[in-house]
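Engineer: Following is a predicted model, sequence given first.
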Amino acid sequence: KAGVTQTPRYLIKTRGQQVTLSCSPISGHRSVSWYQQTPGQGLQFLFEYFSETQRNKGNFPGRFSGRQFSNSRSEMNVSTLELGDSALYLCASSLTSGVGNEQFFGPGTRLTVL
Amino acid sequence: AQTVTQSQPEMSVQEAETVTLSCTYDTSESDYYLFWYKQPPSRQMILVIRQEAYKQQNATENRFSVNFQKAAKSFSLKISDSQLGDAAMYFCAYNTGTASKLTFGTGTRLQVTL
């Protein structure tokens, strides 16, 4: 069974631009969560989508948004990029949403904002 | 707010020896899960072990085991017979509620020496 895939793996953008990252979950998984990983703030939860609905949202500004499609693939968008948005963005999928579910992580997208 | 604390930024162990990584958490919830995730240099997060708060028995997975002290809110990871492939960042994480959100600690970098 194929794992979680994320595209692109690397991305370089300039301040003020917007970016869209994609995540394809493991086949049959309906929940996708997104995390931001930086040296300063560590791993922080962005949001979770389950059955095309946002289940939970972390403490990030409205510039960060996401969506999930009927095939469970998810995208996250960051508008008006800032230098501080440079990070590794990880997505994780699980069969369903809820406490205790094992989450499988993708390899991440490394975003660099210049 | 739930917090997860890993007080050891770095640890070192010799091959074939045993090492224990510490994790404490703060919560007022009664139903929750705790996890240890491993992130090798390749950056792909891998679940090492999972513990449900209601289960008194400590979880084990081959060479990995936990010491779960619920009253003390402590969740340490013991790696026995350490191998070079165990070298990685180890993150302790917490999950509660109805969604899949993971709250992570700051991580412990484990070095394995010959």
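Structural biologist: Okay, I see it.
Engineer: helices and strands of the chain: which one has the lowest mean pLDDT?
Structural biologist: Here I'm looking at chain A. For chain A, using mean pLDDT, DSSP states H and E, the weakest element among its helices and strands is strand A:53-57, scoring a mean of 93.
Engineer: my bad, the chain I had in mind was chain B
Structural biologist: Among the helices and strands of chain B, strand B:60-61 carries the lowest confidence by mean pLDDT, DSSP H and E, at a mean of 91.
Engineer: just how off-centre is it within its chain?
Structural biologist: Its chain's C-alpha centre and that of strand B:60-61 lie 12 Å apart, by Cα atoms, centre = their mean, to the nearest Å.
Engineer: ok so, going back, what strands flank the least confident helix or strand of chain A, and is each parallel or antiparallel?
Structural biologist: Strands that pair with strand A:53-57, judged by DSSP bridges, come out as strand A:42-50 (antiparallel).
Engineer: Just the mean pLDDT for the partner strand, thanks.
Structural biologist: For strand A:42-50, the mean per-residue pLDDT is 96.
Engineer: What residues sit buried inside that strand?
Structural biologist: Buried positions in strand A:42-50, judged by neighbour count with 16 or more other Cβ atoms under 10 Å in any protein chain shown: A:42-50. Backbone N, C-alpha and C define where each C-beta goes, glycine included.
Engineer: Can you dump the C-alpha atoms of that strand in CSV for me?
Structural biologist: Output of strand A:42-50 as CSV, limited to C-alpha atoms (Å, rounded to 0.1, in the frame of the first residue of the first chain):
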residue,chain,number,x,y,z
GLY,A,42,8.7,22.9,16.8
LEU,A,43,5.8,20.9,15.5
GLN,A,44,2.5,22.8,15.5
PHE,A,45,-0.9,21.6,14.4
LEU,A,46,-2.5,23.6,11.6
PHE,A,47,-5.8,21.9,10.9
GLU,A,48,-7.5,18.6,10.3
TYR,A,49,-10.0,17.6,7.6
PHE,A,50,-12.3,14.7,7.7
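Engineer: name the element the most centrally placed residue in chain A belongs to?
Structural biologist: By Cα atoms, centre = their mean, chain A has its centre lying nearest to A:Trp34, at 3.2 Å. Assigned by DSSP states H and E, A:Trp34 belongs to strand A:31-38.
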